[in-house]
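Let me see the structure of the following:
(one chain, ligands or ions: 1)
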Amino acid sequence: MITASNLRFSYSSLKKFDFPDISCKDKEALLILGQSGKGKTTLLHLLALLLKPDSGEILIAGKLANSLSPELATRVRAKHIGIIYQRPHFVSSLSVIDNILLSNYLANQKQDRAKAIYLAQELGFAEHLSKKTTQLSQGEQQRVSIARSLMNDPNVILADEPTSSLDDSNCEKVINLLKRQSASIGASLVVVTHDQRLKDEFSNRVTL
Ligand SMILES: Nc1ncnc2c1ncn2[C@@H]1O[C@H](COP(=O)(O)OP(=O)(O)OP(=O)(O)O)[C@@H](O)[C@H]1O
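Coordinates of the predicted model:
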């Protein structure tokens, strides 16, 4: 479960954000909608403990998370938070499967090759596991990102515009996969997007 209350953040005195409170229980999904520049990525990075709020609280699995030291925040992020970035970041010299297994390594967990293969099969890119990530299409890279975010059974999955470059049929597929996979590991799924197609896919919604 993740909750955020009274979150305020500023990049400068001219760029300040006062975010609405959010709450997403285990196995539930929350959609955060907002037009370009409204602060969606900023909010997601606050929830991912990549940015520190000026004030307010973030609770992850019942524990206060926003005032952790950078080292502890890194550890919590690696183990408990799965992040799907707007643009996937991969290590281009590694294969697809090694990029996925990197999640285990970074969280100090045993590398679970069988799980990586299972997720690749579920997400429909198993035939690409030994390729380099640069050889995959954008939609395939997005699905690799999803698999990578699920490797450590996180408490929270945060997805930044996961459908922005997908056609309608792949958009629906990716969202259903994300919902199904996060529910099956008992995680909270938070999606930020400007993609109005997702409105009807989520009953819990917040608009920025
Ligand atoms: N590092 C930064 N320093 C200063 N301003 C920033 C920084 N990052 C983002 N901003 C500004 O904060 C605002 C919100 O940015 P953010 O990326 O969170 O918006 P967004 O809603 O995700 O936008 P988009 O849908 O276009 O990705 C923008 O006006 C942006 O220019």
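
So is the longest strand seen in the chain next to the ligand?
When the chain is parsed with DSSP state E, its longest strand is strand 2-10. No - Strand 2-10 lies out of reach of the ligand by Cβ under 6 Å from any ligand atom, never closer than 9.1 Å. Yep, even glycine has a C-beta here, placed from its N, CA and C like the rest.

Next secondary structure element downstream of that strand?
Counting by DSSP states H and E, the element after strand 2-10 in chain order, helix or strand, is strand 16-18.

where do the strands sit along the protein?
Ranges of strands within the chain are 2-10, 16-18, 22-24, 29-33, 55-60, 63-64, 81-84, 156-160, 188-193, 205-207, based on DSSP E.

What residues of the fifth one count as buried?
Within strand 55-60, the residues that qualify as buried by neighbour count (16 or more other Cβ atoms under 10 Å) are 56, 58, 60.

Of the residues you listed, which one scores lowest on pLDDT?
Lowest pLDDT among the buried residues of strand 55-60: residue 60, with 90.

Distance check, the residue nearest to that one when sequence neighbours are not counted against the ligand.
Counting by Cβ to Cβ, 6 or more residues apart in numbering, residue 60 lies nearest to residue 2, which is 5.3 Å off, once chain neighbours are set aside. Going from residue 2 to the ligand by Cβ to the nearest ligand atom, to the nearest Å gives 18 Å.
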